[in-house]
Structures are given as structure tokens and as C-alpha cells.
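Provided below are the primary sequence and the corresponding predicted coordinates.
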Amino acid sequence: MSDMNHLNNTQTPEVPGEPLNWQQKMELLKQKKKEEALKYFNQIGISTVLYAIIFTLCLYKNVKGITNPIFTVSTVFYMCYIGRLYHKSFRGIHYFCMGAIALLGISNFITDNDLMIFYNYLAIFGLFLVTLMLLFFDFAEINLLGHLRFLLDYGFGLLEVLFIPIAHLSKKIQTRKKFESEKAKYILIGVLIAIPSFLIMWGILASADVMFNHFFEINLEWLLSADFIYDLVGMAITFLVAFTLPYACFYKLDHLKQDQIKSVRKEYTPIIPVIVASSISVLYIAFSLIQIIFLFMRAGTLPEGYTYAEYAREGFFQLLFVSVLNGLAILICMELFRKHIVLKVLLLIISGCTFIMIASSALRMSMYISTYGLTSHRIFVLWGLLVIFLLMLGLLYRMFVETFNLFNYALLVSVFCFLVLSFSHYDYWIADYNFQRYDYFKEQMEAEEAKYVETDDYYEYYENSLESRYVDYDYFMELSADAAPVLSEHLPELTNYIKEEGKETFWIDWYPYEAEDSSLKIFSFRKFNLSNYYAKKVIPKKLY
């Protein structure tokens with residue numbers, strides 16, 4: 001695998017004379033482990049330390065600032081450096097994943113949506129692991145279940161080596177101490193001279209420029225406060241995490257062998273899946289016909305008291321779950337059971353019914369949104385349905401073309417769709433859609449109210465329309481700064497609501513300014529976020 005793997009197979013050297021006792025063997029083993037740690041650290045330790053420093057400076061107390069793209073680009077360069085160090089060849093799938101990592105850093109900088117930023121970081125870490133695994137191992141002959149099994153094995157295997165990076169770093173520091181002990185007295189003398197020199201020159205320069213003096217006064221308050229100690233501890237923990245995880249990832253990959261990756265072969269008779277799929281297919285066909293008649297064509301009659309909005313409200317989460325379950329079942333049947341024409345036909349029927357279920361779930365959700373409005377959860381449901389639809393297309397194609405690389409297809413589709421969601425600023429579209437919907441229903445109400453006099457029919461109509469007319473201003477206040485351009489167009493309505501409800505002027509977390517952070521004033525420029533900056537430009541500082 002690597003030129004470092006020979007260390008694992010090093011034999012105890014033959015010593016002329018008497019055989020080694022157990023103490024000498026222990027010393028020899030300890031020396032061997034130390035040499036392995038030092039050799040390994042000398043290869044990837046320094047680069048990992050530099051990466052951890054960049055990680056800490058970019059992300060400590062700063063999850064969505066301007067330094068996020070620097071962090072992700074540094075991650076890409078770090079991966080490329082390690083890949084070249086191990087003489088790995090990069091292919092299109094690797095460049096795609098690393099490009100996605102870099103783009104997610106830009107997304108973190110231009111959005112203010114905390115939930116999306118959290119998912120972005122999960123995606124960055126996931127892509128980091130997947131790219132390394134595809135870089136270090138040849139998965140060309142491995143089927144999809146083999147991919148997934150290796151991902152699980154590797155993920156749990158990381159726990160075994162999680163503390164090895166710290167042990168290697170400790171051994172390197174101990175070795176350096178022996179060589180640096182003579183320089184300690186010179187370092188001490190230099191520090192004793194530097195401190196008074198710095199204070200004298202600072203006093204002179206501070207008297208020469210008032211802005212320079214003000215800058216240092218602000219940051220000296222931080223240096224002399226308890227926040228400085230907390231930040232030192234926080235940055236140390238951040239550094240250790242940023243150093244340990246990548247180092248452990250590479251260490252584990254380097255100690256795995258290609259023959260440990262095994263494909264899950266098709267070995268079992270298809271009798272069982274044929275019986276199960278036959279009964280399920282009958283059920284799915286009946287369910288699909290109901291969807292076509294009652295939901296798509298609206299040709300049937302609903303139970304008394306049911307509206308189509310209420311009918312659509314029920315079931316889309318269940319259908320989403322069943323669609324995912326169907327996809328997994330089809331995949332397992334394709335991977336674990338021998339090919340059979342009956343099984344293939346049944347899987348095609350289940351696939352067709354799954355597409356109908358996806359369409360039914362999407363239609364139900366769209367009808368529900370048109371009645372009750374748009375939220376982030378409903379956007380995630382629609383996004384999930386799109387991803388499932390595209391993955392099902394890949395599964396369907398894989399039934400006819402066995403050489404089709406389903407794993408790469410699933411990775412490309414999932415990452416591309418996630419990038420679209422990440423850059424969509426969906427809070428903007430939520431606010432825009434809901435306000436447009438409110439304006440539309442308001443016009444409809446005004447037109448319809450003229451047809452009624454104040455009778456029981458009017459009051460019944462008015463009561464049934466209240467839910468459609470209602471604008472959830474409280475929900476708007478929970479949106480991120482991404483929605484500010486839309487909210488700025490409805491300031492009169494928002495200010496009236498604030499007055500009526502007796503709310504404070506500072507009614508949104510990001511408005512008008514974030515609370516001042518008492519720490520890291522020197523590096524406060526890192527927290528510049530484009531979405532937050534634009535929000536403060538389009539919404540005035542004082543609403544009333």
C-alpha cells in the first residue's frame with residue numbers, strides 16, 4: 001500500500017551472542033514504535049500541523065465568515081499534497097468532490113442560514129472522507145454494497161486510531177526537547193529583552209498616532225481579561241481536533257490493504273424475493289391506481305367532509321419513507337440475488353410504482369404548501385423527493401446496464417443537488433412565496449367579499465378564509481438574513497405587527513447588528529458575512 005507499511009512487518013533483528021531477555025525485547029519494541037511514529041510524523045505531521053493552524057485561525061468562533069473559503073481551499077490543497085506524497089493519481093470524481101468542498105466554503109460565507117451552514121460542514125467532512133477513500137483504494141471491481149460496507153468499516157475503524165496522532169505528536173516533541181534544551185537559555189534571554197523593548201516602542205508609536213493607540217488599547221483589554229484565557233483554551237481544543245481527525249484518517253487509510261475491500265457477491269436464490277415482491281407488487285399497483293384516480297385525475301369522490309388540501313396533507317411523509325425503503329430493497333435484490341427474469345419484472349413494477357409514490361408525495365406537498373404556506377421543512381421534503389427520483393433513475397438504468405457505476409452516479413447526484421440547495425438561499429424564497437401568496441389571497445378575498453352580505457354564509461366564508469389570509473410574522477422573524485431583501489419590501493406591515501404585539505425593535509437575531517464579541521478583536525474581520533452585510537444595508541437601523 002505505502003512505503004511506510006513495511007514498518008508494520010519489521011522483524012526483530014538478530015543479535016549475536018546470548019538471546020534477548022524480555023526487558024531487552026520490550027525496549028526494542030518501544031524503540032521500533034518510536035521510530036515508526038517519528039517517520040510517519042515527519043511525512044505528514046508538519047503539513048497536518050500547518051493545516052490545523054489554518055483551520056483554527058479561519059473557523060474558531062467563526063462558522064460563516066469570510067475566512068470559510070480559505071479553510072475549504074486549504075483543505076483541498078492539503079488533500080492534494082497528501083495524495084501526491086503517496087503517489088496517488090487523481091481522476092474526475094476526485095476533482096469533483098474537492099471542487100464541491102471549495103464551493104461549500106463559499107456558500108458558508110454568502111449565507112446566514114445556520115441550519116444550512118451546519119449541513120454544509122457535515123457535507124465537507126463527508127466529502128473529505130469519501131474522496132480520500134476513493135483516492136487510496138481501487139473500487140472499480142467493487143459493487144455498491146461493498147462500497148457501503150467499506151464506508152462503515154472505515155468510519156468505525158477511525159475510532160481505534162483516534163489518539164494515535166496525539167501520541168505521535170508527543171513523541172516528536174519529546175525528541176525535539178533533547179536537541180533544543182541547549183537553546184532554552186538563549187530563548188529566555190531573548191524574551192526578557194523583547195518585552196521591555198516592545199513596551200518602549202509601543203509607547204513611542206502610540207503617542208505618534210491616536211488611531212494606532214486606540215487599536216492597541218481595545219485589544220489590550222482583551223489580552224488582560226479572562227476571555228483571553230478562554231480563547232486560548234478554545235483555540236487549543238480546536239487545533240487538536242483539526243490536527244487529530246485528518247491525521248487519523250490518513251493513518252487508518254495507510255494501514256488498510258486493498259485485499260481488505262471485498263465485494264458482496266450475488267449468491268442467493270431469487271425464490272424468496274420473488275415471493276415477497278409478488279405480494280408487494282399487487283399492493284403497490286392497487287395503491288398506485290388510487291393515486292392516479294383520486295389525486296392526479298381527481299376523478300373519484302372523496303369521503304364526506306374531506307377537501308383535496310386535507311387529503312393531500314395526509315401521507316406524504318409515509319410515502320417518502322416507503323420510496324426510500326423501495327429503493328434500498330431493489331438495490332439489495334440486485335446485489336445479493338441471482339438474476340431471474342421474473343424477479344427483474346417484479347422489480348420494474350415496484351420501480352414504476354415507486355415513481356408514482358414520489359409523484360404523489362410531491363403533489364401532496366405542493367397542494368399542502370399552496371394552502372398552508374412554505375417552510376424550510378417543506379423545502380427539504382421537496383428536495384429529498386428530487387434526490388430520490390434521480391437515484392431511482394440510476395437504479396433503473398443499472399438494472400439494464402450492469403457495468404454502470406451506481407456509486408459514482410449516486411455521489412455525483414447527491415453532491416450536485418446538495419450544492420444547489422446550499423446556494424439557493426431558501427429563506428429568501430420562503431419569504432417571497434409566502435408574501436405573494438398572502439397578496440393573492442387578499443385580492444381574492446376582496447373580490448369574493450363583495451358577493452356576500454352579512455349573513456351566515458358570509459361569516460362561514462370569512463371564517464374558512466382566515467387561515468389562507470394569515471401571515472405568520474413570527475415565522476418570518478425566525479428566518480435568516482437571507483430573507484432580508486424580501487422583508488425590506490414589507491417594512492410597513494412588519495413595523496405595524498411589532499407595534500401591535502409590543503415587541504422590541506431588535507426583533508430578529510441578526511438585526512440591526514450582532515452583539516459585540518468581547519474576544520478576538522484583532523481578528524474580527526474574519527466574521528464578515530456577505531448575507532448579513534447586505535441585510536443591514538437594505539433594512540434601516542431604526543424601524544420606528
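Yep, that arrived. Numbers count the residues shown, from 1 in each chain.

every contact and neighbour count from this point should use C-alpha atoms.
Will do.

any weak-confidence spans in the stretch 251-400 of the chain?
Counting by pLDDT under 70, the stretch 251-400 of the chain contains low-confidence ranges at 257-266, 298-316.

in the helix or strand containing residue 123, what's buried?
Applying DSSP states H and E as the criterion places residue 123 in helix 114-136. Within helix 114-136, the residues scored as buried using 16 or more other CA atoms under 10 Å are 116-117, 120-121, 123-124, 127-129, 131-136.

next structured bit after the lowest-mean-pLDDT helix or strand in the chain?
When the helices and strands of the chain are scored by mean pLDDT, DSSP states H and E, helix 456-469 comes last with a mean of 47. Sequence order places helix 473-478 as the next helix or strand after helix 456-469, per DSSP H and E.

mind listing what's buried in the longest helix along the chain?
Secondary structure of the chain read by DSSP state H shows that its longest helix is helix 341-372. Of all the residues in helix 341-372, those buried under the rule 16+ other CA under 10 Å are 343-344, 346-369, 372.

can I get stretch 87-98 in PDB, CA atoms only?
Only the C-alpha atoms of stretch 87-98 are listed here, as PDB (Å, rounded to 0.1, in the frame of the first residue of the first chain):
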ATOM      1  CA  HIS A  87       1.900   9.000  -5.400                       C
ATOM      2  CA  LYS A  88      -1.800   8.700  -6.000                       C
ATOM      3  CA  SER A  89      -3.400   9.600  -9.300                       C
ATOM      4  CA  PHE A  90      -6.400  12.000  -9.400                       C
ATOM      5  CA  ARG A  91      -9.400  11.400 -11.500                       C
ATOM      6  CA  GLY A  92     -12.500  13.300 -12.400                       C
ATOM      7  CA  ILE A  93     -14.500  12.100  -9.400                       C
ATOM      8  CA  HIS A  94     -11.800  13.300  -7.000                       C
ATOM      9  CA  TYR A  95     -11.700  16.800  -8.600                       C
ATOM     10  CA  PHE A  96     -15.500  17.000  -8.500                       C
ATOM     11  CA  CYS A  97     -15.600  16.200  -4.700                       C
ATOM     12  CA  MET A  98     -12.700  18.600  -3.900                       C
END
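
now do that stretch, average pLDDT.
For stretch 87-98, mean pLDDT is 91.

neighbouring contacts of it?
With CA atoms under 8 Å, 6 or more residues apart in numbering as the test, stretch 87-98 has contacts from 76, 83, 127-128, 131, 134-136, 408, 415.

just the buried positions in it, please.
By neighbour count on 16+ other CA under 10 Å, the buried set for stretch 87-98 is 93-94, 96-98.

residue 331 versus residue 347, what's the distance?
Residue 347 is 10 Å from residue 331, where distance means CA to CA, to the nearest Å.

ok, now residue 498?
Noted for residue 498: a distance of 53 Å to residue 331, by CA to CA.

could you pull out the helices for the stretch 401-544 of the chain?
406-423, 426-449, 456-469, 473-478, 484-487, 491-501, 530-538 (DSSP state H, counting those that start in this stretch).

which of these is buried the deepest?
When the helices of the stretch 401-544 of the chain are scored by mean count of other CA atoms under 10 Å, the highest mean neighbour count falls to helix 484-487 (a mean of 21).

helices and strands around that helix, which ones?
Packing partners of helix 484-487 (3 or more CA pairs under 8 Å, 6 or more residues apart in numbering; DSSP states H and E): helix 426-449, helix 530-538.

which residues touch that helix?
428, 431-432, 494, 535, 538-539.

and for stretch 388-395?
Residues contacting stretch 388-395 (CA under 8 Å, 6+ apart): 323-324, 327, 330-331, 351, 355, 358, 406, 409-410, 413.

that one: which residues count as buried?
Buried residues in stretch 388-395, counted by 16+ other CA under 10 Å: 388-392, 394-395.

turn those into TSV, including secondary structure.
TSV is the format used below for those (DSSP: H, G, I helix; E, B strand; the rest coil):
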residue	secondary structure
388	helix
389	helix
390	helix
391	helix
392	helix
394	helix
395	helix
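
quick one, helices of the stretch 251-400 of the chain?
Along the stretch 251-400 of the chain, the segments classed as helices by DSSP H, counting those that start in this stretch run 271-290, 308-313, 316-336, 341-372, 376-400.

what about the nearest residue to residue 114 once chain neighbours are set aside, how many residues close to it?
In this structure, residue 114 finds its nearest non-sequential neighbour in residue 480, 7.7 Å apart by CA to CA, 6 or more residues apart in numbering. Using other CA atoms under 10 Å, residue 480 has 24 neighbouring residues.

ok, now residue 405?
Residue 405 has 17 neighbouring residues, counting by other CA under 10 Å.

over to residue 197?
Count around residue 197 with other CA under 10 Å applied: 11.

how about residue 276?
Residues contacting residue 276 under the criterion other CA under 10 Å number 11.

and the gap between it and residue 328?
According to CA to CA, residue 276 and residue 328 sit 14 Å apart.

tell me the one among the contacts of stretch 87-98 nearest to residue 527.
residue 76 (21.8 Å; CA to CA).

counting contacts, what elements does the helix or strand harbouring the closest one pack onto?
Here residue 76, judged by DSSP H and E, is contained in helix 68-85. Applying 3+ CA pairs under 8 Å, 6+ apart, one finds that helix 68-85 contacts helix 46-59, helix 92-110.

now that helix - C-alpha only, CSV.
Below are the C-alpha coordinates for helix 68-85, written out as CSV (Å, rounded to 0.1, in the frame of the first residue of the first chain):
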residue,chain,number,x,y,z
ASN,A,68,-14.5,30.0,5.2
PRO,A,69,-13.4,29.8,1.6
ILE,A,70,-9.8,30.0,2.8
PHE,A,71,-10.4,27.0,5.0
THR,A,72,-12.0,24.9,2.3
VAL,A,73,-9.4,25.8,-0.3
SER,A,74,-6.7,24.9,2.3
THR,A,75,-8.5,21.6,2.8
VAL,A,76,-8.3,20.9,-1.0
PHE,A,77,-4.6,21.8,-1.2
TYR,A,78,-3.9,19.6,1.9
MET,A,79,-5.6,16.6,0.3
CYS,A,80,-3.7,17.2,-3.0
TYR,A,81,-0.4,17.4,-1.1
ILE,A,82,-1.0,14.1,0.8
GLY,A,83,-2.2,12.4,-2.4
ARG,A,84,1.0,13.5,-4.3
LEU,A,85,3.0,12.4,-1.3
